[in-house]
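Participant: Coordinates only, no sequence provided:
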């Protein structure tokens, strides 16, 4: 299951739906930036392994906080292999990560309740 809506519901109860909406916007913006960065590493064949590790770790944490388990799992896989991963393997991981983010974005765009933290 790619989204744990109970995580968003809990956050909305704790910090308010408006804050959750802001967190979602930040999550999508940062995810797009990170996926583009990772894809750049694949295209160039030059991987900044330290930055890859830190950015994948941050993405994993943000996704887990919002209940986006599939994104968190894909980011974790990249994080764990950041020091040794080959560019082609990173490319496969980035494709899975991008697809997971896109799936959540599509759900978000179709569901007003999702945007409100439900």
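Facilitator: Received, thanks. Just so it is clear, the model here is predicted, and its values are computed rather than measured.

Participant: pLDDT on the biggest helix by length in the chain, on average?
Facilitator: Longest helix in the chain by number of residues (criterion: DSSP state H): helix 17-44. Across helix 17-44, pLDDT averages out at 95.

Participant: what does the average pLDDT come to for the next helix or strand after that helix?
Facilitator: Moving toward the C-terminus from helix 17-44, the next helix or strand (DSSP states H and E) is helix 49-66. If you average the pLDDT over helix 49-66, you get 96.

Participant: how much does helix 49-66 deviate in direction from helix 17-44?
Facilitator: Helix 49-66 and helix 17-44 are oriented at 150 degrees to each other (axes from the mean of the first three to the mean of the last three Cα atoms, to 10 degrees).

Participant: Which neighbouring elements make contact with helix 49-66?
Facilitator: In terms of contacts (3 or more Cβ pairs under 8 Å, 6 or more residues apart in numbering; DSSP states H and E), helix 49-66 is packed against helix 5-15, helix 17-44, helix 69-81. (Each C-beta comes from the backbone N, C-alpha and C, glycine too.)
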